[in-house]
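In: With the input below, show me the fold.
(chains A and B)
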Amino acid sequence: MHELSITRNIVSIVAGEAAGRPVKRVHLTIGRLSGVDVAAIAFCFPLVAEGTAVAGAELVVHRVEGRGRCEGCRKELPLDELVGVCPCERREPMAITAGEELLVRSMEL
Amino acid sequence: MCTTCGCSGDRSDAVLTVLASGERVSLMPVLDPKPRLVNVHAHHAHAHDQGPAELIELERRVLATNDRLAERNRAWLAGREVLALNLMSSPGSGKTTLLERTLAAWDGPCGVLEGDQETTRDADRIRATGTPVVQVNTGKGCHLEADMVWQGLQRLQPPSGAVLFVENVGNLVCPALFDLGEEARVVLFSVTEGEDKPEKYPHMFRGADLVLLTKVDLLPHLDFDVDASLRALHTVNPRVPVLQISARTGEGMEAWVTWIRAQRAQASHGWSAAQEPSRRPLGGPR
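Out: Predicted coordinates:
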């Protein structure tokens, strides 16, 4: 479960920025194609945050839908999975243009 | 809880073992910046009494610390002209056996960094070949991270011109997200697994620079459809080269060693041409 180490990084970033001030809310941006399970992060978050400035903070996750661009017809289309093939002749996976985000977006003090 | 950095201490059970000396080192997670501790009781007493919240925009990449440490590894390796290969697969697909045969076939200096949750069994097998080896036991961790490789490199100190094989923890999910500073990612896929593995674990196969279809000596005894497995793989990663290999019979070993040589030659252009090795996007097809 790589979400544990990802959550540790999230708490580390927020706690560092908070510099000891208690944090009320943490906003994350997690793309649907990022390979990260949001439920697992939500599970780990209070455990990892315990004893830091982030303890007790609410976690808000903003999802970004996947999008891909076909290198053949240059169209951009929604992408539900990491590998999506454009309906045009080019039978190759589209280049991902959105959905791989894994960011600490903001925090509320 | 770990009082050094305020983390929950979940990786305090990660241990590095230097096989030659028996030295054992506890690995603490590298977090940057380190979370600061607050008085938990004071926080709970006052947190809900405060006025409107102050919103602070951060827009920080969650894995930025690992990626920065991976870049440090990459620069360190390039400075010593060491070719690092990150070997990944499911557990039991034959990474250690392949390494044993590869080390016997390779005529230059080598080093091995072994990653497993527990035991030094794989490192013991590598040590028996005479190759310097360091074992990282990740404890509860399911993948190697860049700082573990850094710690391993400091103990291994591979000589200039060496090939460093990093055998990641057997896992097709988590290691895909963590750049270690390697030159190339080699993903093993054994014929005792399902043909659709690449489609089930696209992050891993999409990031592969080479796929080794292993244990092909077993093909006569299995229903495994090689063509179907290659179709599945190329759906995920259309241009990735594939070698069919059997560490047991030696089939394909020569092609694999030739591939490593070609990687060395290709990487050496970058080492001599640029002081700053270029950063590849993580997880994307290359």
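In: Buried residues of stretch A:65-82, list them for me.
Out: Residues of stretch A:65-82 classed as buried: A:Gly66, A:Arg67, A:Gly68, A:Arg69, A:Cys70, A:Leu77, A:Leu79, A:Leu82 (neighbour count, 16 or more other C-beta atoms under 10 Å in any protein chain shown). Bear in mind the C-beta positions are built from the backbone N, C-alpha and C, glycine included.
In: Same check on stretch A:46-64?
Out: For stretch A:46-64, the neighbour count (16+ other C-beta under 10 Å) marks A:48-57, A:59, A:61, A:64 as buried.
In: Dump the residues you listed into TSV; add secondary structure as well.
Out: Shown next, in TSV, are those (DSSP: H, G, I helix; E, B strand; the rest coil):
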residue	secondary structure
A:Val48	helix
A:Ala49	helix
A:Glu50	coil
A:Gly51	coil
A:Thr52	strand
A:Ala53	coil
A:Val54	coil
A:Ala55	coil
A:Gly56	coil
A:Ala57	coil
A:Leu59	strand
A:Val61	strand
A:Val64	strand
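In: picking up where we left off before, among the buried residues of stretch A:65-82, which lie within strands?
Out: The strands, defined by DSSP state E, take in A:Arg67, A:Gly68, A:Arg69, A:Leu77 from these.
In: Which stretches in the stretch 151-286 of chain B count as helices?
Out: B:197-200, B:202-206, B:226-236, B:253-273 (DSSP state H, counting those that start in this stretch).
In: among these, which is nearest B:Leu213?
Out: Nearest of those to B:Leu213, taken as C-beta to C-beta: helix B:226-236 at 6.9 Å.
In: Distance from the chain centre to the closest one, please.
Out: Between the centre of helix B:226-236 and the centre of its chain there are 23 Å (C-alpha atoms, centre = their mean, to the nearest Å).
In: Show me where the chain dips below the pLDDT cut-off.
Out: Using chain A. A:1 (pLDDT under 70).
In: please go with chain B instead
Out: Ranges of chain B meeting pLDDT under 70: B:1-12, B:29-51, B:274-286.
In: Let me see the ranges of the helices in chain A.
Out: Taking DSSP state H as the test, the helices found in chain A are A:3-18, A:38-49.
In: give me the number of residues near residue 24?
Out: Reading this off chain A. Neighbourhood size, A:Lys24 [other C-beta atoms under 10 Å in any protein chain shown]: 18.
In: Chain B was what I was after
Out: 12.
In: I figured it hits B:Leu16, correct?
Out: Yes - the pair formed by B:Arg24 and B:Leu16 meets the contact definition of C-beta atoms under 8 Å, at 7.2 Å.
In: tell me the centre residue of chain A?
Out: With distances taken as C-alpha atoms, centre = their mean, the residue of chain A nearest its centroid is A:Ile30 (1.9 Å).
In: Does that one touch A:Val38 like I think?
Out: Yes - using C-beta under 8 Å, A:Ile30 is in contact with A:Val38, at 5.8 Å.
In: joint contacts of the two?
Out: Both A:Ile30 and A:Val38 are contacted by A:Val61, A:Arg63, under the criterion C-beta atoms under 8 Å, 6 or more residues apart in numbering or on different chains.
In: give the contact list for the residue of chain A positioned farthest from its centre.
Out: Computed with C-alpha atoms, centre = their mean, the residue of chain A farthest from its C-alpha average is A:Glu89, at 32.1 Å. Applying C-beta under 8 Å, 6+ apart to A:Glu89 gives the contacts A:Gly72.
In: Next up, phi/psi of it, please.
Out: When read as degrees, to the nearest 10, the backbone of A:Glu89 gives phi -60, psi -30.
In: what does B:Val136 give?
Out: Main-chain dihedrals, B:Val136, degrees, to the nearest 10: phi -110, psi 120.
In: what about it, neighbour count?
Out: B:Val136 has 28 nearby residues by other C-beta under 10 Å.
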